[in-house]
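Trainee: The following comprises the amino acid sequence and a computationally predicted model.
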Amino acid sequence: MKLLLSGSTGLIGTALRTEFEREGDAVVAIPRTPGDGFDFSGADAVVHLAGESIANGRWTPEKKRRIEESRVGGTSRISERIAAAKNKPMVFITASAIGYYGNRGDEALTEKSPVGSGFLSQVCKKWEHATECAKMDGIRTVHLRTGIVLSPAGGALKKMLTPFRFGAGGIMGSGDQFMSWISISDVVGIIRFLIADDQISGPVNVVSPNPLTNREFTKTLGTVLHRPTVMPLPAMAARLLFGEMADALLLSSTRVLPEKLMAGGYVFRYPVLKPALEHLLS
């Protein structure tokens, strides 16, 4: 199989490229700004993961502009190039996020749930709509509504490890907010599954079937690391440190279920948090 991949040096892209190449597939990295000379023809699948990080730095007006443009503008341009290709791919898989749903308390959220409110929700809505050109051209299009990706190589888990290992870990805010997580191993497995299954299109929740509250997640991580978890980060302190990003990423409650994946028969490698963490941190 020939795969075109954007964001190939990011957390998910690196893991995906490594596994595909190990299986003997050809992976071609899409440049950050692919020029007219880059050929989108002849690929079996295009996976578009590139985008400005939402977790690095405060959300200034300029940062928010870059977040939206990198996702909406970048996806729109790739969608147009794919639709114009002579030999089109069978599937176009693009990143999205569970930020689509916004802060929803303990409501069980599936792919049928409506969009939430707030900056991230609206960015995700526009981000997914930016694939319309490819979709209208008949290319099967999938939106990866990804949860908190767990990997010691980067992302949220890597940032948690240092304070937790020094016994400075604890709940954030009330600790009652739901965290919808997914192991990096399952992210790669799910993308492979979605490329192969030609019956699945549209949004797909890329999360474990077992979301946990921040309190439960914190306790489990402390148990796996054999460290106490008694140093909470109050909501007010989080807002002072991180501004608007604190409410959207750290304090927001999003209880998401992978309804399409379960209905389609995907078998999770790590559906439960403790074994997932033990594997990742072994």
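Mentor: Good, I have the coordinates.

Trainee: any idea what sits nearest the residue in the chain sticking out farthest from the centre, other than its immediate chain neighbours?
Mentor: Note on the chain: the largest C-alpha distance from the chain mean falls to residue 86, namely 30.2 Å (CA atoms, centre = their mean). Of all residues not flanking residue 86 in the chain, residue 41 sits nearest, at 4.8 Å (CB to CB, 6 or more residues apart in numbering). (Glycine included, C-beta is placed from N, CA and C.)

Trainee: For residue 193, which residues are in contact?
Mentor: Neighbour list for residue 193: 261, 264, 266 [criterion: CB atoms under 8 Å, 6 or more residues apart in numbering].

Trainee: The residue nearest to the spatial centre of the chain - nearest residue in space that isn't next to it in sequence?
Mentor: For the chain, residue 146 is the residue whose C-alpha lies nearest the centre (CA atoms, centre = their mean; 3.1 Å). Using CB to CB, 6+ apart and skipping the chain neighbours, the partner closest in space to residue 146 is residue 206 (4.3 Å).

Trainee: re the thing from before, if burial is judged by neighbour count, which of the contacts of residue 193 pass?
Mentor: Applying 16 or more other CB atoms under 10 Å to the contacts of residue 193, the neighbour count classes 261, 266 as buried.

Trainee: still on that earlier bit, which SS class is the residue nearest to residue 86?
Mentor: Under the three-state scheme (DSSP: H, G, I helix; E, B strand; the rest coil), residue 41 adopts coil.

Trainee: all strands for the stretch 1-150 of the chain, in order.
Mentor: With strands called from DSSP state E, counting those that start in this stretch, the stretch 1-150 of the chain shows them at 2-6, 26-29, 45-48, 91-97, 108-109, 140-146, 148-150.

Trainee: Would you point to the one among those strands that's packed deepest?
Mentor: strand 45-48 (a mean of 26; mean count of other CB atoms under 10 Å).

Trainee: quick revisit: now distance to residue 199 too, for the strands of the stretch 1-150 of the chain, in JSON lines please.
Mentor: Formatted as JSON lines, the strands of the stretch 1-150 of the chain follow (distance: least, CB to CB, whole Å):
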{"stretch": "strand 2-6", "distance to residue 199": "20"}
{"stretch": "strand 26-29", "distance to residue 199": "25"}
{"stretch": "strand 45-48", "distance to residue 199": "15"}
{"stretch": "strand 91-97", "distance to residue 199": "11"}
{"stretch": "strand 108-109", "distance to residue 199": "22"}
{"stretch": "strand 140-146", "distance to residue 199": "9"}
{"stretch": "strand 148-150", "distance to residue 199": "25"}
